[in-house]
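> Have a look; sequence and predicted model below, questions after that.
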Amino acid sequence: MDLTAEQEMVVRMVRDFAEKEVAPVIKEYDRQHKVNREALQRMAELGLLGVCLPVRYGGQGMDYVTLGLVCEELERVDSSLRVVMSVHVGLNCLGLLQWASEEQKERFLVPQARGERLATYGLTEPGAGSDPAAIAATARREGDVYYLNGEKMWISLADVADQFLIFAKTDPHLDPPWRGISAFLVQREMAGVTTGDIHGKLGVRAGSTGWISMDEVAVPAANRIGGEGEGFKIAMSCLDNGRYTVGAGATGLIRACLEASVKYALERRTFGVEIGQHQLIQQMIAHMKRDYEIARLLYLRAGWLKNQGVRNTQQTSLCKWFATEASFRAASDAVQVHGSYGYSDEYDVERYLRNAKGACIYEGSSQIHQLLQAGYALGYRDDRPLRCELPAYDAALWQEE
Amino acid sequence: MHIVVCTKQTPDSAAKLAVDDAGHVSWGDSPIVINPWDEYAVEEALLLKDRIDGDVQVVVISMGPEEALEALKHAIAMGCDRAIRIWDEAFAGSDTLATSYVLARAIEKIGDVGMVLFGKSAIDSQTGQVAVAVARRLGFSPLTNVIKIAEIDGASMTAERLLEEGRQVVQAPLPAVVGTTKGINEPRYPSFMGIRKATRAEYPLWTAGDIGAAADKVGAAGSGVRWERIFAPPAREGSAEIVAADTVEESARILVDKLLAEKVI
Ligand SMILES: Cc1cc2nc3c(=O)[nH]c(=O)nc-3n(C[C@H](O)[C@H](O)[C@H](O)COP(=O)(O)OP(=O)(O)OC[C@H]3O[C@@H](n4cnc5c(N)ncnc54)[C@H](O)[C@@H]3O)c2cc1C
Ligand SMILES: Cc1cc2nc3c(=O)[nH]c(=O)nc-3n(C[C@H](O)[C@H](O)[C@H](O)COP(=O)(O)OP(=O)(O)OC[C@H]3O[C@@H](n4cnc5c(N)ncnc54)[C@H](O)[C@@H]3O)c2cc1C
């Protein structure tokens, strides 16, 4: 499972960026609940916001595995950076690559891939999270225009992004209800769009999470992604890519916990020896090491399947579920290894713990992933072909100018 | 005109170095990277290329075995036009004297060189001698500790050197050797395009024969330094104390007393 020379150079570049430009300041942003807009700008300049998109759509032409590697390196320093990759690249850009028409790709994907327009994904509502078929937002068609009404909640970058992939019901009365959902590319400039941030979050405090309110927002029919009623399938296939970035990122978080714990265990002494000598400390470190390697293999496999153009809903869900739960355990153990110092924000591990929890909830809570895995194992679930599949990675095609 | 950047590979600055009883130095599985100071030299070369009118090519060179490719690749990924590795079994064991000879011969072979850029020093051996030695061998103006290249045209340049006493403004005819220092610029990260170019670029190898190097000037034979013994310095023992008092003035007074008692000031 060797990385290519290109992938290794990308890893080093992203690591350098995150260590030099974000690590020194992240604690302060997190304390102040402030988005590090400069880091966002730098991510755009470095091309990270279009890393695995074809050059002809404004991207950098790398493969899906590289997307995972970038997420691992970013979340090793802070989850808020990886969240940007998840919503902008994973949930939105890759959704457009898969489902948007050529004309829509030119209009929406190109500026996003270049990092000129920041994008996010709005599915969750105050009354519907795990059960998105129950969303209440509506899209009423009048001629060539849809009028969108409703409220999206818990949306990452709600207050920062320029473009939103919004799911709303074009037919609120269909049974089963998921068949009535359609997807729209909504832009911040559209009249009737207002957004705000949610305050008092446990984690990702250096990230923006908020609400999007839509009041009679006139969205041209040309902004509908996919067909009417295809929204639910689009939403789910976006999650196949978003969850991949979350799993890869959580892998980086486990690595951060491991590195911090090893360092501390070699320095701190109790009962006359460094605490690394105590077997119960070793056990926590052994678990982190094990989980890091498993999580990494799981995301590399999912990325490899994406490169091959093979459907990977089950493998990606498993990766996301395992990696995020493991990162929460790792972060909790990392705090433990650090003793009372780990309980203060003098060290980074308490931030890791707060950040890790969120990922066990968003992009399919751990419970939802267990249902999925059991469903596949029991034969209750299987994945049918989609009208539009995520295209397999083709280096020549991706890098064509 | 060619601008040449000399670079070498080093273990990552985070590497834990170990020395065994026979004096062999190792750094575990830590990656080999471009000497961090050399990134400033590469960046400056790229900036100069944009500043100077006419056809300017940035050529990055390194004398070293296979691992030197890492440094060259990084420089290409940042945007250098081409890279040349210079190596020959006969170069093994070269000290700064022999290294400077090899680099100078290679620079002569490249030809039409207006400037040769160096890092401040290599983070492993850290002598800072190679730049001046190359300048001397080529008869180029040697400017070290350069913090700013204020003016440059095809024939001469004005630079600011960072000295302990302050900044010194100097003028020199080209060709010149410039030793860069931290702060001269902010090195860019490799771009994705650059990374692809770097992994596909050709890295020609020049041997002793290619640069017409004399056998007695390279490797151990051409070196003046003999390494009697290599050992890790004993770990520094030290302790820290936090001066705590009710007021800042009080803390400062205690601190000054302690510094006087320790004869630090
Ligand atoms: C930091 C953060 C960022 C987010 N970013 C986005 C975003 O960018 N876009 C977006 O659309 N959403 C986003 N979300 C929302 C997130 O996806 C939802 O919160 C998540 O899907 C869970 O929905 P819920 O909060 O409504 O919980 P609920 O669905 O109300 O679930 C409550 C509890 O019940 C459990 N549960 C639910 N159904 C079942 C079941 N069938 N069996 C067993 N247990 C069940 C859940 O696991 C959970 O423990 C974000 C959330 C957070 C915290
Ligand atoms: C494979 C190898 C084997 C060695 N074996 C011996 C040995 O047996 N005996 C011995 O005495 N020393 C040996 N050395 C050390 C070597 O002589 C010095 O590392 C080298 O001369 C550079 O000196 P420095 O590190 O002090 O560089 P400095 O003078 O501190 O470096 C200043 C700048 O010079 C440039 N530069 C330095 N070296 C090179 C290079 N090779 N190619 C291109 N640019 C360069 C860079 O821009 C660097 O920033 C060896 C080095 C290597 C890489």
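Arrived safely, thanks for sending. Residues are numbered from 1 along each chain as shown, chains lettered A, B, ... in the order given. Ligands and ions are numbered 1, 2, ... in the order given.

> tell me the mean pLDDT over stretch B:141-161?
Here stretch B:141-161 scores 94 as its mean pLDDT.

> separation between the residue of chain A most remote from its centre and A:H278?
Centroid-distance maximum for chain A: A:G272 at 44.2 Å, with C-alpha atoms, centre = their mean. Separation of A:G272 from A:H278 (C-beta to C-beta, to the nearest Å) stands at 11 Å. Every residue, glycine included, has its C-beta placed from N, CA and C.

> go on, A:V70?
The gap separating A:V70 from A:H278 is 36 Å, by C-beta to C-beta.

> Neighbour count for the two, which is higher?
A:V70 (31 against 14; other C-beta atoms under 10 Å in any protein chain shown).

> give the contact list for residue 37.
Chain wasn't specified; assuming chain A. A:V160 (C-beta atoms under 8 Å, 6 or more residues apart in numbering or on different chains).

> Let me rephrase: I mean chain B.
Counted by C-beta under 8 Å, 6+ apart, B:W37 has contacts B:G119, B:K120, B:S121, B:A122, B:I123, B:T180, B:T181, B:K182.

> at 6 Å what do you get?
Shown in contact with B:W37 (C-beta atoms under 6 Å, 6 or more residues apart in numbering or on different chains): B:G119, B:K120.

> ok, now B:D210?
So B:D210 contacts nothing (C-beta under 6 Å, 6+ apart).

> hang on, it in a helix?
Yes. According to DSSP: H, G, I helix; E, B strand; the rest coil, B:D210 belongs to a helix.

> which one is the residue nearest the centre of chain A nearest to, not counting chain neighbours?
The C-alpha lying nearest the average C-alpha coordinate of chain A belongs to A:S86 (C-alpha atoms, centre = their mean; 2.3 Å). Ranked by C-beta to C-beta, 6 or more residues apart in numbering or on different chains and with sequence neighbours excluded, the top spatial neighbour of A:S86 is A:T245, at 4.3 Å.

> Count the residues that sit near the one you found.
32.

> do A:V55 as well
19.

> which residues touch it?
A:G61, A:Q399, A:E401.

> Of those residues, which is the most crowded?
A:G61 (26 neighbours).

> buried ones in the helix or strand encompassing the residue nearest to A:S86?
Following DSSP states H and E, one finds A:T245 within helix A:231-267. Of all the residues in helix A:231-267, those buried under the rule 16 or more other C-beta atoms under 10 Å in any protein chain shown are A:231-258, A:260-262, A:264-265.

> ok, which stretches of the stretch 151-265 of chain B are strands?
B:156-163, B:166-173, B:176-180, B:205-206 (DSSP state E, counting those that start in this stretch).

> cool, chain A as well?
Listed in chain order, the strands of chain A (DSSP state E) span A:119-122, A:138-142, A:145-156, A:163-169, A:181-187, A:193-197, A:209-220, A:224-225, A:269-270, A:273-274.

> So which of the ones you listed is the most surrounded?
strand A:119-122 (a mean of 28; mean count of other C-beta atoms under 10 Å in any protein chain shown).

> how much distance is there from that strand to the middle of the chain?
Centroid separation for strand A:119-122 versus its chain: 10 Å, with C-alpha atoms, centre = their mean, to the nearest Å.

> strand partners of that strand, parallel vs antiparallel please.
strand A:163-169 (parallel) (DSSP bridges).

> Check the gap between B:A198 and A:G50 for me.
19 Å.

> pLDDT score assigned to residue 77?
This is for chain A. pLDDT, A:V77: 98.

> was after chain B, sorry
So B:A77 comes in at 98 (pLDDT).

> Outside of the helix or strand encompassing it itself, which residues are in contact with it?
Element membership of B:A77, judged by DSSP H and E, is helix B:68-78. Helix B:68-78 has contacts (C-beta under 6 Å, 6+ apart) with B:7, B:9, B:32, B:34, B:42, B:60, B:62, B:83, B:85, B:188, B:190, B:194-195, B:198, B:201, B:203.

> got a list of what A:D78 touches?
A:I26.

> From A:I294, how far off is it?
Distance from A:D78 to A:I294, by C-beta to C-beta: 23 Å.

> And B:A71, by the same measure?
With C-beta to C-beta as the criterion, B:A71 and A:I294 are 35 Å apart.

> quick one, which of those two is more surrounded?
B:A71 (28 against 16).

> Please tell me how far the residue farthest from the centre of chain A sits from ligand 2.
41 Å (C-beta to the nearest ligand atom, to the nearest Å).

> cool, A:D240 as well?
In terms of C-beta to the nearest ligand atom, A:D240 sits 47 Å off from ligand 2.

> Same check on A:D162?
Using C-beta to the nearest ligand atom, which is the criterion applied here, A:D162 is 43 Å from ligand 2.

> re the thing from before, is ligand 1 contacted by the helix holding A:T245?
No. Using C-beta under 6 Å from any ligand atom, helix A:231-267 stays clear of ligand 1, with a minimum separation of 8.2 Å.

> returning to that earlier point: just put the contacts of A:V55 in JSON lines and tack on distance to B:I76 and pLDDT.
Putting the contacts of A:V55 into JSON lines (distance: C-beta to C-beta, whole Å; pLDDT from 0 to 100) gives the following:
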{"residue": "A:G61", "distance to B:I76": "17", "pLDDT": "98"}
{"residue": "A:Q399", "distance to B:I76": "17", "pLDDT": "96"}
{"residue": "A:E401", "distance to B:I76": "19", "pLDDT": "87"}
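
> Using CSV, lay out these together with distance to B:E108.
Converted to CSV, these look like this (distance: C-beta to C-beta, whole Å):
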residue, distance to B:E108
A:G61, 39
A:Q399, 38
A:E401, 38
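
> among the residues you listed, which are in helices?
A:Q399 (DSSP state H).

> ok, for the residue of the stretch 151-265 of chain B found nearest ligand 2, nearest residue in space, not its chain neighbours?
Using C-beta to the nearest ligand atom, the closest approach of the stretch 151-265 of chain B to ligand 2 is made by B:V225 at 4.4 Å. Spatially, and ignoring its direct neighbours in sequence, B:V225 is nearest to B:D95 (4.1 Å; C-beta to C-beta, 6+ apart).

> Kindly report the residues of the stretch 1-150 of chain B close to ligand 2.
B:6-8, B:35, B:37-38, B:41, B:61-65, B:93-96, B:99, B:103, B:118-119, B:121-122, B:124-131.

> Can you pull out the low-pLDDT segments for the stretch 301-401 of chain A?
Residues of the stretch 301-401 of chain A meeting the criterion pLDDT under 70: none.

> how about the residues of it that lie near ligand 1?
A:G358, A:I361, A:Y362, A:E363, A:S365, A:Q367, A:I368, A:L371.
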